[in-house]
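Chemist: kindly return the folded structure for what I paste below:
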Amino acid sequence: MADHIEGPLYYERMGRTGPVMAYVHPNPMDQSCWIFQMAHMSTWYRCIAIDIPGYGRSPKAKPGLTMQDMAQACWEAIDDAMPGERAILVGCSVGSAIAPYMHHLRPKRTAALILSGTGYSPNKDHAPRRIAGYTEHGIDYRWGFTFEDLSPAFRPTPLAHYFAQIFTERNSHADLQSIIYQFEAAAKPDPTDHHSRIDCPTIILTGSEDGAHPRAGALKARIPGCEMKILYGAGHACQIEQPWLFDRYMIEFLKRHGLFPAAG
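Modeler: Numbering: from 1, shown residues only. So this is what the prediction gives:
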């Protein structure tokens, strides 16, 4: 069992046949941010979307939580649903930060990495800012934070408000201190060879209106053979704003690497 977490992580599944595709969500969202991808990609894959500690319906974290702890807990969720199988790992934001740790824990079981809402920042200055926001505003900080993950054009839409409502309606299950522990873990420096050791097919899907977008190219340069596609007009959670393009780029990438079961 993963250290510093009070039990197994909650997850949802969709799809009964095909390879495994696992999704890890961004802050302040939960696994339901992958609703479009789960519905679509389950045509070909067995999909699992995981709530990390303190979010959705997953258990609390304990002091000392690390990125390795969260990566281990995500693998345990996959093993609970599909024991011992390889998986395509899909992340957004903190999910994209956890996915490389998952790869390093079980490289032979990582078929590919699909990363979004991400970039390379050596100082990780976003973490102290978010810790301050949660400390000042409490769990209600999630409502406004959700809109920060979206592009200015998408924020006023009914769909944006619908997603924000879904996430914050689960605040009674979320845990503020666990979320802070997660940001404390994310603030710690990665090993110097953290990205250069990635040896599976990898792609970055980045929204042009995402605050992390200017740093996406720097991350691409650190990962051997990494590919990148830009979703113009989309924000941090580009899988919500432009699912048709996000999915298309995923499928094209997976076909190129022989990981799409319907290819040919």
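Chemist: lowest-pLDDT helix or strand in the protein?
Modeler: The weakest-scoring helix or strand in the chain, judged by mean pLDDT, DSSP states H and E, is helix 126-137 (a mean of 94).
Chemist: that helix - contacts with which helices or strands?
Modeler: helix 141-148, helix 176-187 (3 or more CB pairs under 8 Å, 6 or more residues apart in numbering; DSSP states H and E). In short, each C-beta sits where N, CA and C put it, glycine included.
Chemist: what angle separates it from helix 141-148?
Modeler: Counting by axes from the mean of the first three to the mean of the last three CA atoms, to 10 degrees, helix 126-137 lies at 140 degrees to helix 141-148.
Chemist: which positions within helix 126-137 qualify as buried?
Modeler: Within helix 126-137, the residues that qualify as buried are His126, Ala127, Arg130, Ile131, Gly133, Tyr134, counting by 16 or more other CB atoms under 10 Å.
Chemist: same check, this time on stretch 68-85
Modeler: For stretch 68-85, by 16+ other CB under 10 Å, it's 68-78, 81-82.
Chemist: how far does it sit from the chain's center?
Modeler: Stretch 68-85 has its C-alpha centroid displaced from the chain centroid by 14 Å (CA atoms, centre = their mean, to the nearest Å).
Chemist: average model confidence for it?
Modeler: Averaged across stretch 68-85, pLDDT comes to 98.
Chemist: just the CA trace of it, in PDB.
Modeler: Taking C-alpha atoms only, stretch 68-85 is exported to PDB below (Å, rounded to 0.1, in the frame of the first residue of the first chain):
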ATOM      1  CA  GLN A  68       6.100   8.800  -5.500                       C
ATOM      2  CA  ASP A  69       3.400   8.000  -3.000                       C
ATOM      3  CA  MET A  70       0.700   9.300  -5.400                       C
ATOM      4  CA  ALA A  71       2.300   7.500  -8.400                       C
ATOM      5  CA  GLN A  72       2.300   4.200  -6.400                       C
ATOM      6  CA  ALA A  73      -1.300   4.700  -5.300                       C
ATOM      7  CA  CYS A  74      -2.400   5.300  -8.900                       C
ATOM      8  CA  TRP A  75      -0.700   2.000 -10.000                       C
ATOM      9  CA  GLU A  76      -2.500   0.300  -7.100                       C
ATOM     10  CA  ALA A  77      -5.800   1.600  -8.500                       C
ATOM     11  CA  ILE A  78      -4.900   0.200 -12.000                       C
ATOM     12  CA  ASP A  79      -3.800  -3.100 -10.400                       C
ATOM     13  CA  ASP A  80      -7.100  -3.300  -8.600                       C
ATOM     14  CA  ALA A  81      -9.000  -2.900 -11.800                       C
ATOM     15  CA  MET A  82      -6.700  -4.600 -14.300                       C
ATOM     16  CA  PRO A  83      -4.000  -6.500 -12.400                       C
ATOM     17  CA  GLY A  84      -0.500  -6.500 -13.900                       C
ATOM     18  CA  GLU A  85      -1.300  -4.900 -17.200                       C
END
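Chemist: mind showing which ranges of the chain have poor pLDDT?
Modeler: 263-264 (pLDDT under 70).
Chemist: mind redoing it with 80?
Modeler: The chain contains residues with pLDDT under 80 at 262-264.
Chemist: in the stretch 101-250 of the chain, which spans are strands?
Modeler: For the stretch 101-250 of the chain, strands defined by DSSP state E, counting those that start in this stretch occupy the ranges 110-116, 202-207, 227-231.
Chemist: what angle sits between the first one and strand 202-207?
Modeler: Spelled out, it's strand 110-116. Using the same axes, to 10 degrees, strand 110-116 lies at 20 degrees relative to strand 202-207.
Chemist: what's strand 110-116 in contact with?
Modeler: Strand 110-116 is contacted from outside by 19, 86-93, 96, 99-100, 102-103, 198, 200-207, 219, 238-239, 246, 250, 253-254, 257, 259, using CB atoms under 8 Å, 6 or more residues apart in numbering.
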